[in-house]
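Enquirer: Coordinates for the following, if possible.
(one chain, ligands or ions: 2)
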Amino acid sequence: MENFDFHVTTDIRFGYDRLDELPQVLNTFGKNVLLVYGGGSIKKSGLYDKLYELFNQNDNHVVELAGVDPNPRIETVQKGAQLCKENAVDVVLPVGGGSVIDCSKAVAACRFVSGNLWENFVLKRSYNGPALPIVTVLTLAATGSEMNGTCVISNMDAQIKLGVHGTSLLPKVSFLDPTNTYSVSSYQTAAGSADILSHLMENYFNATPGTEVQDEIAEGLMKTVIKYLPLALKEPDNYTARANLMWASTLALNGLVGKGKSGSWSCHAMEHELSAFYDITHGVGLAILTPRWMAHILDDDTLPKFQRFAEEIWDVKGEEAKRTAEIGIQKLYDFFVSCGIPMTLPEVGIQTEENFEEMGQRAVAHSSISNQGFVPLHEEDVVSIYRAC
Ligand code: NZQ
Ligand code: ZN
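Expert: Ligands and ions are numbered 1, 2, ... in the order given. Here you go, the predicted model:
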């Protein structure tokens, strides 16, 4: 295990009926609020009206940044940063999934960034400047953005999607009410859980030795997602299922299972190119890529970890090592299929291979997968994995 710092200060308010605490939380930062949300799910679910009742009682001055797209765009960040400047916003309040939270993080930082935000914020990849305080109300269990300092922003004109990390981007407070995820569609529920699993697997399949704590926690969280996703799909308002998925999403990417390890995330690097070129759902792209990536890198060196994955997660027993590993990979694929996830690129609208080489080059250029991956991946590996999808 390597040396690490673990200092994740987000104040988590987990559970139902906690929103009455929001006014008091907002007041610690000020009265002027930028409310950020997506395409309107919060209006359908009634959350929007509940928020305005609280804002009115609390004399908040609220400005809205609405219509944040999945795979949030730099143009929306620009608009939000401008609203913050014009309205002397004190606190940014994203109410939504990872896209809304990520966009809000970028807005909170870009309030203090001048000039071209794509060049001066996103392309830097790491941000050391100030940001407005961020308070989140999470409505979809997936990214872990509610308790980490990362945001992922897209430039659709340039077909580039990149992550930026900064300690000031860490939310100050996050409200995690599982009942706010009852209205998430089956498709987004499954995609979100595939993202959670991917965060765990990206950390788990890693070459740093001696990380038993992280690996055992990751296994426990993977088993939890595999247990509760089918239940959430069958009974969307099952509190236990939604609560376990929500807390798993947070713990999968707040550093708990990733600290103490070095390396690069292979499937995320490849998926970000799929999203940048084709604007697909992040978790679905990961579900499609992951079993193919696993099959591509399975060899004598990686076999022990894949064998452990098959035995611990999928309860594969009584087969020789390589066969055990292969069955584990197949079980992951079958699980995604059983949860209704489209498992090929043509099914998500990617019909031809015309961009694969460029996407392969960019996946390598935008990340360190070619020298720090669990198994290093070069352009030709990435293209071959895309072709297998
Ligand atoms: O826009 P609205 O109307 O809210 O609808 C959204 C959206 O269409 C809907 N939704 C969210 N909550 C809902 C709901 N629908 C009904 N009821 C609710 N309660 O779900 C759709 C997808 O939302 P989105 O926020 O895009 O999903 P997700 O949370 O999966 O976020 C994906 C984004 O996060 C990035 C991804 O790359 C992608 O851009 N990631 C962020 C990370 C981070 N910050 O650490 C790490 C991840 O690996 C990931 O890259
Ligand atoms: Zn992800």
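Enquirer: Cross-check the contact I'm expecting between Thr208 and Gly258.
Expert: No. If you go by C-beta atoms under 8 Å, Thr208 and Gly258 don't touch, sitting 10.4 Å apart. Bear in mind the C-beta positions are built from the backbone N, C-alpha and C, glycine included.
Enquirer: More neighbours: which of the two?
Expert: Gly258 (25 against 14; other C-beta atoms under 10 Å).
Enquirer: The chain against ligand 1: which residues are in contact?
Expert: 38-41, 45, 70-71, 96-100, 102, 139-140, 142-145, 148, 150-152, 180-181, 183-184, 188, 192, 195, 253, 268, 282-283 (C-beta under 6 Å from any ligand atom).
Enquirer: In contact with the closest residue to ligand 1 within the chain, which residues?
Expert: Nearest residue of the chain to ligand 1, counting by C-beta to the nearest ligand atom: Gly38, 2.1 Å away. Contacts for Gly38 (C-beta atoms under 8 Å, 6 or more residues apart in numbering) come out as Ala66, Gly67, Val68, Asp69, Pro70, Gly96, Gly97, Ser99, Val100.
Enquirer: of those, buried ones?
Expert: Among the contacts of Gly38, those that count as buried by neighbour count (16 or more other C-beta atoms under 10 Å) are Val68, Asp69, Pro70, Gly96, Gly97, Ser99, Val100.
Enquirer: I figured the last one hits Val68, correct?
Expert: So that's Val100. Yes. Using C-beta under 8 Å, Val100 is in contact with Val68, at 4.9 Å.
Enquirer: Quick check: neighbours shared by those two?
Expert: Listed as contacting both Val100 and Val68 by C-beta under 8 Å, 6+ apart are Val36, Tyr37, Gly38.
Enquirer: Tabulate those residues (a markdown table), appending secondary structure and pLDDT.
Expert: Shown next, in a markdown table, are those (DSSP: H, G, I helix; E, B strand; the rest coil; pLDDT from 0 to 100):
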| residue | secondary structure | pLDDT |
| --- | --- | --- |
| Val36 | strand | 98 |
| Tyr37 | coil | 98 |
| Gly38 | coil | 98 |
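Enquirer: what's the closest of these to Asn120?
Expert: Comparing these against Asn120 with C-beta to C-beta places Val36 closest, at 20.9 Å.
Enquirer: how near is that closest one to Leu83?
Expert: According to C-beta to C-beta, to the nearest Å, Val36 and Leu83 sit 10 Å apart.
Enquirer: who's more crowded, these two?
Expert: Taking neighbours as other C-beta under 10 Å, Val36 and Leu83 compare with Val36 leading, 30 against 18.
Enquirer: Surely the more buried one touches Lys79?
Expert: No. In this structure Val36 lies outside contact range of Lys79 using C-beta under 8 Å: 10.5 Å.
Enquirer: and the strand or helix carrying Glu53, which residues are buried?
Expert: Here Glu53, judged by DSSP states H and E, is contained in helix 47-57. Residues Leu47, Tyr48, Lys50, Leu51, Phe55 are the ones in helix 47-57 that count as buried (16+ other C-beta under 10 Å).
Enquirer: Repeat that for stretch 293-304.
Expert: For stretch 293-304, by 16+ other C-beta under 10 Å, it's Trp293, Met294, Ala295, His296, Ile297, Leu298, Thr302.
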